[in-house]
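Chemist: how does the following fold in three dimensions:
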Amino acid sequence: MHPDQFTLINSIDQGVFIRSVRELRCHTGLLDIMGFDHSAKIQIHVGRVYGNREKSIERSIKRYQFLDERIASRLVIENDDRNFPVADCVRSQTMRTMEGDHTKLSCEESLISC
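Modeler: Purely as a prediction, here's the structure:
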């Protein structure tokens, strides 16, 4: 399951972050109600760069650690074709996934340094 592009746990806007958690809670609840086990995942991107990639990654990691376990157990991070290559997603130490279209360049350049 892939929420919309406005689901940003690394947002610098606290309101966006709160709405993102609410959205993730709804997606988690939907998967639970449908009877899917925890192999059914919710896939999001790291988020936006906000002028500082390192701080954006750190904010994403920090916030992930405080998510409700029901959400965190289903959440996977998808690499991004422009802002956050695979190596950045691996740093999050969460479960991760890659979407085929995004890996053509990102995978090749990032996995060399992993």
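
Chemist: pull the CA atoms of stretch 10-21 into CSV?
Modeler: Output of stretch 10-21 as CSV, limited to C-alpha atoms (Å, rounded to 0.1, in the frame of the first residue of the first chain):
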residue,chain,number,x,y,z
ASN,A,10,10.3,14.0,7.9
SER,A,11,8.4,17.2,7.3
ILE,A,12,9.6,20.3,9.0
ASP,A,13,6.0,21.3,9.4
GLN,A,14,4.7,19.6,12.6
GLY,A,15,1.1,19.8,11.2
VAL,A,16,2.1,17.8,8.1
PHE,A,17,3.9,15.3,10.3
ILE,A,18,0.8,14.8,12.5
ARG,A,19,-1.4,14.4,9.5
SER,A,20,1.1,11.9,8.0
VAL,A,21,0.9,9.8,11.2
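
Chemist: quick check: mean pLDDT across it?
Modeler: Looking at stretch 10-21 alone, the average pLDDT works out to 95.

Chemist: list the buried residues in it.
Modeler: Neighbour-count burial for stretch 10-21, with 16 or more other C-beta atoms under 10 Å as criterion, is recorded at 10-11, 16-17, 20-21. Backbone N, C-alpha and C define where each C-beta goes, glycine included.

Chemist: columns distance to G47 on top of the residues you listed, output as CSV?
Modeler: Written out in CSV, the entries for the buried residues of stretch 10-21 read as follows (distance: C-beta to C-beta, whole Å):
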residue, distance to G47
N10, 4
S11, 6
V16, 9
F17, 10
S20, 9
V21, 13
